[in-house]
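A.B. asks: Whatever this is, show me its structure:
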Amino acid sequence: MDLTAVVQKKLATPERCLCCIQASLINPSNGSKSPRILAIVEREGDYGLFVHTTSRLPVLSSADLTVEKALPVTNDTRCQTPVALVSIKQGDPVPLTIMCSSDNLKLQIPNGPQLSAMLKDLKKGIDVYSQNAGFGLPSSFSWLDKYSKTQIDNNPFANDVFDPTKHMSEKTEPEVSDWPWGHIAKPVDNGATPMVHARTSPVWKPVGFEDSFSNLSVDSKSSASSSRELGSDMYSSIDSAIGHAKPEGPRESIVKLYMSKVEDQFTRLETVRLFCGTWNTNGQPPGDTDLSPWLAFDQYPPDIYAIGFQELDLSNQAFIFAESQREQEWFAAVRQGLHPQAAYKKLCLIRLVGMMLILFVKKELTHHIKKVKAEQVGTGLLGMMGNKGGVAVRFELFDTSFCIINSHLAAHMEEYERRNQDYRDINSRLQFRDLLGYDNPQSITDHERIFWLGDLNYRISGLDLERVKKECDAGNYSVLYEYDQLIQQRSLKNVFLDYEEAPIKFKPTYKYDTGTDSWDTSEKCRCPAWCDRVMWKGEHIENEAYRSHPILKTSDHKPVSAYFSVKVKKIDIELYRKTYEEMMKKLDRLENEFLPSVTLDKYEVKFENVLFIEPQAKTLQITNTGQVPVHFEFINKLKENSFCKPWLSVKPFSADILMGDSVTIDLEVYVNKDTAPTLNAGDDTIEDILVLHLEGGKDFFISVTGSYTPSCFGSSIESLVNMVDPIREIPTDTLISLEHIPTSPAGEKRKSFFGDNVEPLDIPKELYRLVDYIYKQGKEEEELFQQPGLHTEIQWIRDCLDTGTPDTMSGSVHSAAEALLMFLEALPEPVIPYDLYQPCLDSAIDFETCKKILLHMPPAHHNVFVYIMAFLRELLKYKQVNGVDVGILAPLFGGVVLRPPPEGSNKRAKSQEYSKRSQFVQHFLLNEYDCN
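C.D. replies: Just a heads-up that it's a prediction; the model follows:
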């Protein structure tokens, strides 16, 4: 029997049971389990979590159920899982902790659609409560009294985190890798700072009460609409305020879309002041530096601070996403330097190695901020090394969405193309995602007010050094504008399209002798440059000041700040009520008279000659040809966990279309290290069927086809050593057979796939070509294995290896170095096979034991490992020139030659494992290894 219908019979009018699920309640004292029926119940916009005991299973009637608890769903409600839902198979039990009011429920629930539905409704209840609170509209949970003694104060902020007497005795909640919705941690008074570190999704760690924003709607999955004009959730809190039932599901999103088209009828603009600051600290500690000449420079205190740092830590270990004590030191200095005429609360802190972004807001604005998310993108080698890249925070203030990005782009005078590439990577890859996958991810450009700050590293080029210094010292900055690389690249429309920057009327902020106002006198004698910039994009933004602060001399850069007046939208409830009622009448009439109807401009999408790491994009247009608004989404096929294969992306995957309007769907095929192995082996093909579901209408089926060109990237070591010819000269059937040949056992003579007359290679010829080129051309290259390559050059190297032509490689050594790491990372079975992963970790402390483990490796894998380690030891002989050392190479190559088995890849790897992988490789970098 339908559990939802059974629970509904126990409810009063107008209460609605949205979903039900059977669960096991775990006794924390002894681990025993007892059955429970959980239900999410909604009444006039308020949500409750009902816990029922049951007299029998399966439940057959409402008489079998007894309400044990009826708990209010508020913004204090939390949900924790030790791992992401996507990593748990359908039907397997999910360990779940739900903290609701004063109750902590430890549960086990089977993974599947019912659990996803429950979490979605629970998240929705949290969002509705938070949004109503943001408008000062208290929720009443008195209707729960008849089911349970549990009550909540009618004041939504009675238990707010901003009350300094609150939470002081609370215990720290265990840190989790992934929550079913926003990364929200319960506040505790331990003085810690919420942070986001690379290698994991952004996570706010527990924070002290005076800095915490956990009672705001801090959420990593706020709804995203195809409408770009508005933040998609701006109206959802209004519906209950004007006395209407809250629209549900697709109808709700259509209502939002309708209202966004006429927002000028019920919104007014208010002004807030925003301070954006950026400083490259060159790895220096703040010491006793007073930051108020930078942060409190203006007469009027800003409403919002966005403060970005770069090069917070320059230690070698920090290049591979390490912890850093500099974070707390600079955070404390910032807190002390804020404007003394206002009281501030920390909104968020996110750090990626040396890049840190901190947001503060005035206390009186805290209740008007919602939907806070943070994300990061590394643009270093393989997107793994975080010495370059960007961190970002998005939020909504009143009814306007903001996105603030802090970035550190590639260095060196001649590398403007790499800086352009870094910008494009951050702009395209930085996505604020819904972890449950219900909503479209939000990109940078999906926001109304965008501010981009940081060490963008563009230089002044084309002028003699002494001429630049002369013009700078004379204050003739306009003479230098045409030689500024950022101004040049923007004029060519290569970067920062549609962004604005205020006129620069201050000295270049780089490079100075540390502690002075003197230009660089080091051996390199860098040319002065405006590396540190602040850009913005969007309407109703007025720049009031743009300046540097040379009084601060801690670094070889000077800090920069920009002060803005920003207008934000605020809804007038009465005007909204009138517009809403008129719109609802029109929508009701249309829905009663017409069925949804759309046309597609194509039903088959073809991708030809798909190549490794070379994206191909196509579009599909959907037009609403009916007389009623339509909602569509791409849905999963039967027994599949995703609506498309992993090499395909579809954006947006759901949207609303008004009558006569069209939506363009972007489809992109991108084959990377994760998908190349199955395509090379013939276990997958570029073929898929997309199911486009029209709410209230029919389904459409779209065929996606294409051809993939096999590559040595993603091929196994065993197959590559059996290929004497380049991979593109080998027939497809032979390639597939090669990928399925068994690995030669350790200690046995290797046999060739092509018979006894053909000897297999000792190592893949592609590996030899890469290593040989890097050694001969780059062993003395500065910052080797620390700078990323250019995408176009890596693609050229791929073609060179796959075709065997030309005979001599060329191009940047940095591109070849990244291609080498990419080649090793894409191996289906890593250099050190999966079955030896744990033994390697267990023996990492002792070199002699490590050597013995290598004896169990297949011959070809053993040869590759020995060859790579010998190559790296040779590079270390030139470390005084190329800048590499064991602290860089060991964690970098430990991460690609010694990888955890796939079944553990979705779990957050422990820092101890990273350390042991690095330690294992380090032995072979510091010691000669006799493979005999």
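A.B. asks: who touches residue 559 in this structure?
C.D. replies: 277, 278, 279, 294, 509, 532, 548, 549, 552 (C-beta atoms under 8 Å, 6 or more residues apart in numbering). In this view, the C-beta of every residue, glycine as well, is placed from N, C-alpha and C.
A.B. asks: One more: residue 289?
C.D. replies: Here residue 289 is in contact with 333, 552, 554 (criterion: C-beta under 8 Å, 6+ apart).
A.B. asks: what's the answer for residue 400, then?
C.D. replies: 231, 448, 449, 568, 569.
A.B. asks: Who does the fourth one form a beta bridge with?
C.D. replies: Going by DSSP bridges, residue 568 is paired in beta bridges with residue 270.
A.B. asks: Check the third one too.
C.D. replies: With beta bridges defined as DSSP bridges, residue 449 has these partners: residue 402.
A.B. asks: Now do it against residue 376, distance only.
C.D. replies: 20 Å (C-beta to C-beta, to the nearest Å).
A.B. asks: between those two, which one's more packed in?
C.D. replies: Comparing residue 449 with residue 376 by other C-beta atoms under 10 Å, the one with more neighbours is residue 376, at 26 against 22.
A.B. asks: part of a helix, is the more buried one?
C.D. replies: No - with DSSP: H, G, I helix; E, B strand; the rest coil as the criterion, residue 376 is assigned strand and is not in a helix.
A.B. asks: My guess is it contacts residue 354. True?
C.D. replies: No - using C-beta atoms under 8 Å, residue 376 is not in contact with residue 354, being 12.0 Å away.
A.B. asks: which other helices and strands contact the host helix or strand of residue 356?
C.D. replies: Element membership for residue 356 (DSSP states H and E) is strand 355-362. Applying 3 or more C-beta pairs under 8 Å, 6 or more residues apart in numbering; DSSP states H and E, we find strand 355-362 packed against strand 304-310, helix 326-337, strand 344-352, strand 369-378, strand 389-397, strand 400-408.
A.B. asks: that older thread, columns pLDDT, neighbour count and distance to residue 817 on top of the contacts of residue 559, output as CSV?
C.D. replies: Shown next, in CSV, are these (pLDDT from 0 to 100; neighbours: other C-beta atoms under 10 Å; distance: C-beta to C-beta, whole Å):
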residue, pLDDT, neighbour count, distance to residue 817
277, 98, 27, 35
278, 98, 28, 29
279, 98, 29, 30
294, 98, 23, 38
509, 98, 26, 30
532, 98, 25, 28
548, 98, 21, 35
549, 98, 18, 38
552, 97, 18, 36
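A.B. asks: For residue 874, state which of the contacts of residue 289 is nearest.
C.D. replies: residue 554 (38.7 Å; C-beta to C-beta).
A.B. asks: Could you say which helix or strand holds the closest one?
C.D. replies: Per DSSP H and E, there is no helix or strand for residue 554.
A.B. asks: What distance do you get for it to residue 314?
C.D. replies: In terms of C-beta to C-beta, residue 554 sits 14 Å off from residue 314.
A.B. asks: Likewise for residue 557?
C.D. replies: When residue 557 is compared with residue 314 (using C-beta to C-beta), they lie 13 Å apart.
A.B. asks: So if I had to pick from these two, which one is more boxed in?
C.D. replies: residue 557 (25 against 16).
A.B. asks: what residues are up against the more buried one?
C.D. replies: 279, 280, 281, 282, 455, 509, 510, 511, 512, 531, 532.
A.B. asks: again, only this time at 7 Å
C.D. replies: When contacts are counted by C-beta atoms under 7 Å, 6 or more residues apart in numbering, residue 557 touches 279, 280, 282, 455, 509, 510, 531, 532.
A.B. asks: Relative to residue 530, how far out is the third one?
C.D. replies: Read that as residue 282. 17 Å.
A.B. asks: and these two? which has more neighbours close in?
C.D. replies: residue 530 (25 against 18).
A.B. asks: pretty sure the more buried one contacts residue 504?
C.D. replies: Yes - judged on C-beta atoms under 7 Å, residue 530 makes contact with residue 504 at a distance of 5.9 Å.
A.B. asks: how does the protein divide into domains?
C.D. replies: 3-147, 267-571, 598-708, 762-926 (the TED database).
A.B. asks: With distance to residue 585 added, can I get those domains in a markdown table?
C.D. replies: Shown next, in a markdown table, are the domains of the chain (distance: least, C-beta to C-beta, whole Å):
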| stretch | distance to residue 585 |
| --- | --- |
| domain 3-147 | 21 |
| domain 267-571 | 20 |
| domain 598-708 | 14 |
| domain 762-926 | 49 |
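A.B. asks: just so I know, which of the ones you listed lies nearest residue 586?
C.D. replies: It is, among those and with distance given as C-beta to C-beta, domain 598-708, at 10.1 Å.
A.B. asks: pLDDT weak spots in the stretch 201-350 of the chain?
C.D. replies: Counting by pLDDT under 70, the stretch 201-350 of the chain has low-confidence residues at 201-251, 315-323.
A.B. asks: Kindly recompute the last result at 80.
C.D. replies: 201-256, 314-324 (pLDDT under 80).
A.B. asks: the helices in it, which residues?
C.D. replies: 238-241, 249-261, 292-295, 326-337 (DSSP state H, counting those that start in this stretch).
A.B. asks: Out of these, flag the one nearest residue 272.
C.D. replies: Per C-beta to C-beta, nearest to residue 272 of those: helix 292-295, 17.1 Å.
A.B. asks: Give me the buried positions along the closest one.
C.D. replies: 294, 295 (16 or more other C-beta atoms under 10 Å).
A.B. asks: again with stretch 343-352
C.D. replies: 344, 345, 346, 347, 348, 349, 350, 351, 352.
A.B. asks: what sits against residue 715?
C.D. replies: So residue 715 contacts 680, 727, 739 (C-beta under 7 Å, 6+ apart).
A.B. asks: Which of those ranks first by neighbour count?
C.D. replies: Top of these by neighbour count (other C-beta under 10 Å): residue 680, with 27 neighbours.
A.B. asks: Residue 734 is nearest to which of the domains of the chain?
C.D. replies: domain 598-708 (10.9 Å).
A.B. asks: chain center to that closest one: distance?
C.D. replies: 22 Å (C-alpha atoms, centre = their mean, to the nearest Å).
A.B. asks: now stretch 498-507
C.D. replies: Distance, centroid of stretch 498-507 to centroid of chain: 29 Å (C-alpha atoms, centre = their mean).
A.B. asks: ditto for stretch 457-471
C.D. replies: 37 Å.
A.B. asks: which of the residues in it are buried?
C.D. replies: 457, 458, 459, 460, 463, 468, 469, 471.
A.B. asks: The fourth one contacts residue 481, doesn't it?
C.D. replies: No - with contact defined as C-beta under 7 Å, residue 460 and residue 481 do not form a contacting pair (9.3 Å).
A.B. asks: Could you count how many residues lie near residue 612?
C.D. replies: So residue 612, with other C-beta under 10 Å, has 26 neighbours.
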